[in-house]
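> Sequence first, predicted coordinates after that:
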Amino acid sequence: MKKISLFIFASILAVIGYSQQLPLQSQYQFNYATINPAASGENDFYRVRASFRDQWVGLTDSPISTQILTVTKGFGNNGLGATVFSDKTGGIFNTTGAVLSYSHKVKFAEKSDLYFGVSGGVSKINLIPTNDPAVLSNNDVAPDFNFGVYYTHKNIKIGVSIPGLLNANYEITDSDENTKDRHFYTMLSYEKALNEDWSIFPSVLVKTTANNNQIDANINFKLKNRLWFGTSYRQDFGPTIYVGIDFGKLLSVYSYDISTNEVADYSSGSHEFTLGYDFISDSESENKIKESVEESVEGIDNIEDKDKDGITDKDDLCPDEYGIALANGCPDFDKDGIPDKYDLCPHLFGNLSAQGCPELAVNESMILSKALKDLNFDFDKSDIKYESFPSLTNLAVLMHKNPDMILYIEGHASTEGSASHNLNLSAMRVKEVQKFFIGRGVKKNRLIMDFYGAEFPLNFNLTDKEKEKNRRVEFDIKYHLYDSDIADNLINVYDSLLNNLYGGSTFLEEKKVIEVLQAEQVSTDLETGKDTVINKKLIDNTVSIEQDNSNQYLVVVQVFNDLSNAIEFTNSKDLEYTFLNNKYYIYAFSGRQRLDAENFRNQYNNECWILDTK
C-alpha cells in the first residue's frame, strides 16, 4: 500500500510540478489577462475569452484537458476581470478555481500606459478516491493570489506577473511539498507592419520558478488584419502551429502542439481552441481595426513622417519632433492643444484664449477685483490703509490655494511732485504690498513688481478725486513670467505657422469660434432664447470695435480673462462687454467723445475708469 501511495504522489508531483502546476496555454497572447491581472483594464469594453485545450491526445483513456473562461473590462483608469477554470490532468486529479482581478492604469505620454494588477481567488484540487492512509483528504481548497505589471507603448508590450504568490499548500497529505509554487512570468511582445497586407507579431514568454526556467517563443502573422498564421516553440514540449480569423468583434484561433518530448511516441499532439467576443458596436469595431492598422503602420519607414508620430510632415508643425495630433504634431506636455514651444504655460492645462494658461474662475476674478478696489493710500504715503487688509488677505489665501499663480504688482502715482519723487513713491507702495503678501506666507518669487510713477494715469488729474484714483497699485494674476511683447510674439508666430498650414488666420479665428461655443453653453434654456442674445452680443461687441478705426471711450467697471465670466457678470446688470487685447472689458458707457465718457463716469455711482480703445 505504501508503494502505491508513493506511486500516486510521484505521479501527482510529476504532473503538478514545474510545467503543469498552472493551466497550460499555447495561446496566452490572445488572452493575456489569464496570467497577468494588470491586463484586465487594457480595453474599455467587455471582452470575453474562452479557451479549450486537450493535451497529449491518446496518452491516456481519460483526456488531459483545460477549460478557461475570462471576462474583462476597463473603466477609465481602472479595470476588472473574472476567470473560472477547470484543469483535468489525465484522471489522477483535477483542479477547478475562480479568480477576480483588478487593475489600475497610469497614463504617461500618448499611447504609453502602465498597468498594475492584483487578483485573488481559490483553487480546489481533487484526487481520485483512495483508501490510502497517507492521504488525509481527497480534496482541498487553497487561496490563489497573483500580482502583475503591464506596460504598453505604441506597438510594444511588456508584462511581469507572479501567479502562486502565496506558495499555498494543498493539505492532501501531511507533507509540506504539496505546494503551489510561486511562478514568475515575463512576457514581451511586439507588432510591426511589414507592408499594407501583412503584419508580424513576435512574442516571448519566460516562466521561472526557484529551480526551473521555460521559454515559450512565438511568431504570428496577420493578413489584411483578418487572418492569423503562426508558429511557436515551447521548451521541453515542442513546436506549435496557429491559424485563426479576426472579425473585429469576434475572434477564433486554433493551434496544434507537436510533441517532441518523451510522450511523442504515445500521443498525437495537443489541440487548443480560443473563441473571443468583444462587446462593442460595429462602428467601434471598425475603429478598433483601423487603429490597429494605423499603429502597426507606424513601424513602416515613411519619408512623409520623419518623427514617426502618425502625422505626415505636410500637416506637422514639428516634423522633426515626436508630437500629438491635438497640437498639430508638436510636443504638448499638458495636452491642452498648444505646442509646448508656443504655450505660455507648457506644464499647466490651459485655454486657447489665454495662450495655454489657466483662466480665473468667476469667484477668483471677484477676489482680485475687490483687492484692487479696496487698496488705498493716503496722499504722499506708502502705508497701506487698514481697511484694505481684509480683501488683500483674501487674495493671499487665493495665492496659497493656487501655488502656480504669479501676482503682478504695478505701482502708480498722481502728478503732484517731481517725476523722480512720483516714481519713488510708486516703488515704495509696490514694496509695501509685496511685504504684505510675504508676511502672509506668499513666496517672494511669486510677487513680480513694477512701478511707473505718474506715467499712466487713469484720468486727467484735474480734481482731487481724480488724483486719488491715480494713487493706486494694480494687480494682475498670471501663470507665466513672459512679458507682453514676448507673449504676443509667441502667439503671432504660432498663428503664422497655422496660417501657412491651413490658410487663413486659423488660430485667431479658432479662438473666436471657441468663444462663440462657450457663449452657447452658458445658457441651457433654449426656450427663452437667452443663448441667441448672448451670441449676438458677443459677435456685435467683438466685431464693432475691430471694424471701427475711430476712437471709442469706454467707461470700464471690470475686466476678465474668461468669456463665461464676462457673460455671467453682465447677465444681471445693464452692462456690455467687448474683447480687446486678449481680455474682456465690462463697460457701462461707450462714446466717441472723451468728455461724454467723463460726464458719465462722474455721475456713475460704481467704481470705474475710462479706456481709450484707439
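Looks like it came in fine.
> Give the buried residues for the helix or strand Phe589 falls within.
Taking DSSP states H and E as the criterion, Phe589 maps to strand 583-591. Neighbour-count burial for strand 583-591, with 16 or more other C-beta atoms under 10 Å as criterion, is recorded at 583-590. Every C-beta, even on glycine, is put in place using the N, C-alpha and C of the backbone.
> which outside residues touch whichever helix or strand comes after that strand?
The helix or strand immediately downstream of strand 583-591 is helix 594-603, counting by DSSP H and E. Applying C-beta atoms under 8 Å, 6 or more residues apart in numbering, the contact partners of helix 594-603 are 459, 551, 553-555, 588-591, 608-610, 612.
> In a markdown table: those, plus distance to Asn77.
Converted to a markdown table, the contacts of helix 594-603 look like this (distance: C-beta to C-beta, whole Å):
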| residue | distance to Asn77 |
| --- | --- |
| Asn459 | 55 |
| Asn551 | 55 |
| Tyr553 | 53 |
| Leu554 | 48 |
| Val555 | 50 |
| Ala588 | 48 |
| Phe589 | 52 |
| Ser590 | 50 |
| Gly591 | 56 |
| Cys608 | 49 |
| Trp609 | 48 |
| Ile610 | 52 |
| Asp612 | 52 |
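> Give me the below-cutoff pLDDT ranges for the stretch 101-250 of the chain.
127-140, 168-179 (pLDDT under 70).
> List the buried residues for stretch 339-347?
Buried residues in stretch 339-347, counted by 16+ other C-beta under 10 Å: 339-346.
> Could you find the closest non-adjacent residue to Asp257?
Distances taken as C-beta to C-beta, 6 or more residues apart in numbering put Ser270 closest to Asp257, at 3.8 Å, once the chain neighbours are dropped.
> Confidence-wise, which of the contacts of helix 594-603 comes last?
Across the contacts of helix 594-603, the bottom pLDDT score, 59, is held by Asn551.
> Need the CA coordinates for the helix or strand that Pro202 is a member of. CSV is fine.
Under the criterion of DSSP H and E, Pro202 resides in strand 198-208. In CSV, the C-alpha atoms belonging to strand 198-208 read as follows (Å, rounded to 0.1, in the frame of the first residue of the first chain):
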residue,chain,number,x,y,z
TRP,A,198,1.0,41.7,-43.7
SER,A,199,1.8,42.4,-40.0
ILE,A,200,4.1,40.4,-37.8
PHE,A,201,3.6,39.7,-34.0
PRO,A,202,6.6,38.2,-32.3
SER,A,203,6.4,37.4,-28.5
VAL,A,204,8.3,35.6,-25.8
LEU,A,205,7.0,34.2,-22.5
VAL,A,206,9.6,33.2,-19.9
LYS,A,207,8.3,31.1,-17.0
THR,A,208,10.5,30.9,-13.9
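> Which residues outside it are in contact with it?
Strand 198-208 has contacts (C-beta under 8 Å, 6+ apart) with 19, 28-29, 183-194, 213-223, 225, 230, 296.
> Tabulate the buried residues of stretch 339-347 (JSON lines), appending secondary structure and distance to Leu250.
Below are the buried residues of stretch 339-347 laid out as JSON lines (DSSP: H, G, I helix; E, B strand; the rest coil; distance: C-beta to C-beta, whole Å):
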{"residue": "Pro339", "secondary structure": "coil", "distance to Leu250": "41"}
{"residue": "Asp340", "secondary structure": "helix", "distance to Leu250": "43"}
{"residue": "Lys341", "secondary structure": "helix", "distance to Leu250": "46"}
{"residue": "Tyr342", "secondary structure": "helix", "distance to Leu250": "46"}
{"residue": "Asp343", "secondary structure": "coil", "distance to Leu250": "44"}
{"residue": "Leu344", "secondary structure": "coil", "distance to Leu250": "49"}
{"residue": "Cys345", "secondary structure": "coil", "distance to Leu250": "47"}
{"residue": "Pro346", "secondary structure": "coil", "distance to Leu250": "44"}
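> okay, the residues you listed in a markdown table with distance to Asp307 and pLDDT next?
Listed next are the buried residues of stretch 339-347 as a markdown table, based on distance: C-beta to C-beta, whole Å; pLDDT from 0 to 100:
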| residue | distance to Asp307 | pLDDT |
| --- | --- | --- |
| Pro339 | 13 | 92 |
| Asp340 | 14 | 92 |
| Lys341 | 14 | 90 |
| Tyr342 | 17 | 90 |
| Asp343 | 19 | 92 |
| Leu344 | 24 | 90 |
| Cys345 | 24 | 92 |
| Pro346 | 19 | 91 |
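> still on that earlier bit, farthest-apart pair in the buried residues of strand 583-591, please.
Greatest spatial distance in the buried residues of strand 583-591: Lys583 and Phe589, 18.2 Å, computed using C-beta to C-beta.
> surely the residue nearest to Asp257 meets Tyr254?
No. Judged on C-beta atoms under 8 Å, Ser270 makes no contact with Tyr254 at a distance of 11.6 Å.
> More neighbours: these two, which one.
Neighbours per residue (other C-beta atoms under 10 Å) separate Ser270 from Tyr254, with Ser270 holding more: 25 against 16.
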